[in-house]
Each structure stands twice: as structure tokens, then as C-alpha cells.
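K.L.:
structure, please.
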Amino acid sequence: MSGRKKKKRTDLKTEIMELFEQDENFYFIAGYTDGGFPYGITWEEHEAEQIGEWIKTTVAGENL
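P.N.:
Prediction:
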């Protein structure tokens with residue numbers, strides 16, 4: 001045995017998720033107003049973006 005402590009392995013998704021805040025209304029909280037209200041990307045905006053990207057790749061695949 002080398003006597004070294006083993007590092008805990010964390011997966012990349014866990015590390016990324018720790019970098020930004022989320023709640024039930026916001027997918028990504030960019031910051032807070034002076035009054036304490038969060039602002040950022042809502043879950044609805046995120047889902048719409050994901051659907052839009054899927055449509056773009058699907059349509060682009062059909063044009064090949």
C-alpha cells in the first residue's frame with residue numbers, strides 16, 4: 001500500500017450542477033435583483049430551447 005488517501009470521484013454532471021443554482025421555477029439562476037428576486041432561464045424557456053434544437057437537427061438530417 002502506498003499510504004495515499006484515495007480521492008473521492010465525482011462525476012462530471014455532479015460537478016457541473018454544483019456550479020449553478022436551480023429551483024422549481026428557474027432552470028438556471030443567473031443572479032438576484034436588489035430586492036432578492038431571482039432571474040435567469042426558466043424551465044419553460046429551457047424546454048423550448050431543447051425542442052428547438054431537436055427540430056433543427058431532425059430537419060437538417062432530412063435535408064442530407
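K.L.:
can you give the distance of the longest strand seen in the chain from its chain's centre?
P.N.:
The strand that spans the most residues within the chain, counting by DSSP state E, is strand 26-32. The chain centre lies 11 Å from the centre of strand 26-32; the measure is Cα atoms, centre = their mean, to the nearest Å.
K.L.:
put the alpha carbons of it into CSV.
P.N.:
C-alpha atoms of strand 26-32 as CSV (Å, rounded to 0.1, in the frame of the first residue of the first chain):
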residue,chain,number,x,y,z
PHE,A,26,-35.7,28.5,-12.8
TYR,A,27,-33.5,26.0,-14.7
PHE,A,28,-30.6,28.4,-14.3
ILE,A,29,-30.5,31.3,-11.8
ALA,A,30,-28.1,33.9,-13.2
GLY,A,31,-28.4,36.2,-10.2
TYR,A,32,-30.7,38.1,-7.9
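K.L.:
state the next helix or strand along the chain beyond it.
P.N.:
Next helix or strand after strand 26-32 toward the C-terminus (DSSP states H and E): strand 38-42.
K.L.:
any idea of the mean pLDDT for the helix or strand that comes right after that next one?
P.N.:
Downstream of strand 38-42, the next assigned helix or strand under DSSP H and E is helix 43-62. Helix 43-62 shows a mean pLDDT of 86 in the predicted model.
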